[in-house]
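In: Need a 3D model of the sequence below.
(one chain, ligands or ions: 1)
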Amino acid sequence: QFGIITATASVLPEKIITNDDLSKVMDTSDEWISSRTGIRERRCVTVQETSDLCCLVAEKLIKKKNLRPNELDFIIVATMSPDFTTPSVAAQVQGKLGATKAIAFDISAACSGFVYALSLAEKMIRCSSKKGLVIGGETLSKMIDWSDRSTAVLFGDGAGGVLLEASIEQKLLAELLAADGTRSTSLTAGYFSNKSPVYLNVSEDSFYLKMNGRDIFDFAVRDVAKNIKEITQNVSVDYLLLHQANLRIIEKIARKVKIPQEKFLTNMEKYGNTSAASIPILLDEAVASGKITLGKKQKVVFTGYGGGLTWGSILMEL
Ligand SMILES: O=C(O)C1CCN(c2ccc(-c3cc(CO)ccc3Cl)cn2)CC1
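Out: Numbering: from 1, shown residues only. Coordinates of the predicted model:
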């Protein structure tokens, strides 16, 4: 048995923050943000937590296929902005859903989290699991230093996910996942400072998201392009769904891998960078718009890249 995607769903917080809204509270402009990133607005939670967004995605997914919650064997949530270190977001979703049979755990791989989680979940189905949810969910708005315009304008909140079910047909055709921990300091967030009376180290790390934009930009254009080139060799791909970090980066990658721009779907203009949620949100919108139809055998590449550093692609027939 192999894992195939049989439903998609996404949930975005209602509150919209436009570039102009941000230009009123920090030294930035719609012109700068949209020309350098492609982002025009983003969503921000006002009362919801990551677990609330993920729970709504889970409810949408099981409803789409008329499943009962206790039919699920697993719930995996990819997030870098959980409500708690424990309980996991996945466990919170399992409890709220009443998915009593599902094992539940979070995956921490930043913006590669959804791709890492999808790869792992498909292996679980190859080893006898039958049905499960793979969700990417973030409330990055709590991780941002809202006085740092270099990062505050880039990120957004949201969640998306897929229902994975067992099939005799193999649809996950190839994958290429990678990590490079020697570059781990290029993007950090959620550092817990140790307040113990015997702790001696004074770290300058911060809870707030910090990024070396230049390093990450160059990493994305170099390593990610190489990864995509390798996985799309001798394959005619219909669409590529890359982590929605920056439109300029996606354009540069498209040119490097010599695949037409229009095959690279984008929606960062509406949602900004939602880290692990960006690919499943993009997928759900592509399905809702009819660009992608599940079961139509379209060849799609999912590519995540970000903190860790981690990156990776999965080639799937949908
Ligand atoms: O000056 C400019 O043009 C700046 C240059 C720097 N930029 C960047 C750089 C890196 C990212 C980014 C972030 C993550 C984290 O999820 C993952 C993947 C990427 Cl590629 C996004 N924007 C913005 C415009």
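
In: Tell me how far M316 lies from the ligand.
Out: Distance of M316 to the ligand, computed by CB to the nearest ligand atom, to the nearest Å: 22 Å. Glycine gets a C-beta too; all of them are placed from N, C-alpha and C.

In: and what of E230?
Out: Distance from E230 to the ligand, by CB to the nearest ligand atom: 19 Å.

In: Any idea which residue of the stretch 51-200 of the chain lies closest to the ligand?
Out: For the stretch 51-200 of the chain, the residue closest to the ligand is C111, as judged by CB to the nearest ligand atom, at 4.1 Å.

In: ok, and the closest non-adjacent residue to that residue?
Out: Spatial nearest neighbour of C111, excluding adjacent residues (CB to CB, 6 or more residues apart in numbering): G306 at 2.9 Å.

In: Quick check: which element contains the residue of the stretch 1-150 of the chain found nearest the ligand?
Out: With CB to the nearest ligand atom as the measure, R36 is the residue of the stretch 1-150 of the chain nearest to the ligand, at 3.5 Å. Here R36, judged by DSSP states H and E, is contained in helix 30-37.

In: what sits up against that helix?
Out: By CB atoms under 8 Å, 6 or more residues apart in numbering, the list of residues contacting helix 30-37 from outside reads 18-20, 22-23, 39-40, 153-154, 246-248, 268-269, 272.

In: For the ligand, see how far away the spatially most central residue of the chain is.
Out: The centre of the chain sits closest to A276, judged by CA atoms, centre = their mean, with a distance of 1.9 Å. Between A276 and the ligand the distance is 9 Å, computed by CB to the nearest ligand atom.

In: quick one: secondary structure of I314?
Out: Under DSSP: H, G, I helix; E, B strand; the rest coil, the three-state class of I314 is strand.

In: Show me what it is bridged to.
Out: E175, F302 (DSSP bridges).

In: picking that back up, in terms of pLDDT, where does the residue nearest to C111 sit?
Out: At G306, the model reports a pLDDT of 98.

In: And for G95?
Out: 98.

In: The one 3 residues further on now?
Out: With respect to pLDDT, G98 scores 98.

In: Is it in contact with L67, as I believe?
Out: No. Applying CB atoms under 8 Å, one finds G98 not in contact with L67, separated by 11.8 Å.

In: Compare these two (neighbour count), which wins?
Out: Set G98 next to L67 and count neighbours by other CB atoms under 10 Å: L67 wins out with 18 against 11.

In: Which residue, other than its chain neighbours, is closest to the more buried one?
Out: Per CB to CB, 6+ apart, closest to L67 is K131, 7.0 Å.

In: burial of that neighbour, as a residue count?
Out: K131 has 20 neighbours, counted by other CB under 10 Å.

In: List the contacts of it.
Out: 67, 71-73, 163-166.

In: Compare these and tell me which is most surrounded.
Out: When neighbours are taken as other CB under 10 Å, the top entry among the contacts of K131 is L164 (30 neighbours).

In: Report the secondary structure element holding that residue.
Out: Using DSSP H and E, L164 maps to strand 157-167.

In: distance between that strand and the chain's centre?
Out: Its chain's C-alpha centre lies 11 Å from the corresponding centre of strand 157-167 when counted by CA atoms, centre = their mean, to the nearest Å.

In: I'd like the mean pLDDT over it, please.
Out: For strand 157-167, the per-residue pLDDT averages 99.

In: wait, doesn't Q1 sit right on I168?
Out: Yes. If you go by CB under 8 Å, Q1 and I168 touch, sitting 6.6 Å apart.

In: out of the two, which sits in the busier spot?
Out: With neighbours defined as other CB under 10 Å, Q1 and I168 compare such that Q1 has more, 15 against 7.

In: What residues does that one make contact with?
Out: By CB under 8 Å, 6+ apart, the contact set of Q1 is 125-126, 128, 130, 166-168.

In: if you set the cut-off to 6 Å instead, what comes out?
Out: Q1 makes contact with 125, 166, according to CB atoms under 6 Å, 6 or more residues apart in numbering.

In: Give me the distance between it and L120.
Out: To L120, Q1 is 16 Å away according to CB to CB, to the nearest Å.

In: Next: K270.
Out: According to CB to CB, K270 stands 29 Å off from L120.

In: still on that earlier bit, ok, and the most crowded of the contacts of helix 30-37?
Out: G272 leads these on contacts (other CB under 10 Å) with 30 neighbours.

In: wait, doesn't it sit right on R40?
Out: No. Between G272 and R40 there is no contact under CB atoms under 6 Å: 9.0 Å.

In: list the residues that contact both of the two?
Out: Here G272 and R40 have no joint contacts, going by CB under 6 Å, 6+ apart.

In: For the closest residue to Y239 other than its chain neighbours, give its distance to S81.
Out: Using CB to CB, 6+ apart and skipping residues adjacent in sequence, the residue nearest Y239 is V300, 5.0 Å away. Using CB to CB, we find V300 at a distance of 26 Å from S81.
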